[in-house]
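Visitor: missing the sequence, but the structure's below:
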């Protein structure tokens, strides 16, 4: 079992050595995340590779299947949260879509600091990064929409609280998001 974790760590590291468009956008440096395991959603339509010490919850309803995970051994301001959902719905990265995202986040008092269309897991994608305060703590929320086809997309969210090592934590979250695998 230890070999599988080591192999997962090496693969996650190697995938970032070539530095994707998303990693370049955040100026990320490759890093190794140890003791990983692959988590499959309830429907087995996607998986993500996460540290095996993280607390993970699975969720499913008629329209989506989700994996939510966080490192509960650290303070919230020292880690990041990951929430990945496979959603049954068409998505178009047009002006109306982008405006809707910005308005939703503004209603939560979050200001958009970055947005970009790009490719992720060889699919058209849209990145949106917002910042604000939640319970008097600085907070950044990254949303990555990945269009799989005309009927399904993935929404990957990462949340970072506090103002310490924000870029480093966002980059680690990106490493996980960049290694989402679809199984359809």
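Guide: Alright, I've got the coordinates. These numbers were taken from a predicted model, which means no experiment stands behind them.

Visitor: going forward, measure contacts and count neighbours with C-alpha atoms only.
Guide: OK.

Visitor: Spell out, range by range, the helices that occur in the protein.
Guide: 2-17, 21-25, 95-107, 166-178 (DSSP state H).

Visitor: Identify all contacting residues around the shortest one.
Guide: This points to helix 21-25. 16, 29, 118, 119, 120, 171, 174, 175 (Cα atoms under 8 Å, 6 or more residues apart in numbering).

Visitor: Quick check: buried residues in that helix?
Guide: 22, 23 (16 or more other Cα atoms under 10 Å).

Visitor: where does that helix sit relative to the chain's centre, distance-wise?
Guide: How far helix 21-25 lies from its chain's middle: 13 Å, per Cα atoms, centre = their mean, to the nearest Å.

Visitor: for stretch 114-127, how far is the first residue from the last?
Guide: 8 Å (Cα to Cα, to the nearest Å).

Visitor: Quick one: residues in contact with it.
Guide: 21-22, 93, 128-130, 142-148, 178-181.

Visitor: can you do 10 Å?
Guide: 20-22, 25-26, 92-93, 98, 102, 128-131, 142-149, 153-157, 177-182 (Cα atoms under 10 Å, 6 or more residues apart in numbering).

Visitor: Could you turn the buried ones of those residues into a ChimeraX selection?
Guide: Those of those that count as buried under 16+ other Cα under 10 Å are selected in ChimeraX with:
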select :20,22,98,102,128,129,130,131,142,143,144,145,146,147,148,153,154,155,156,157,177,178,179,180
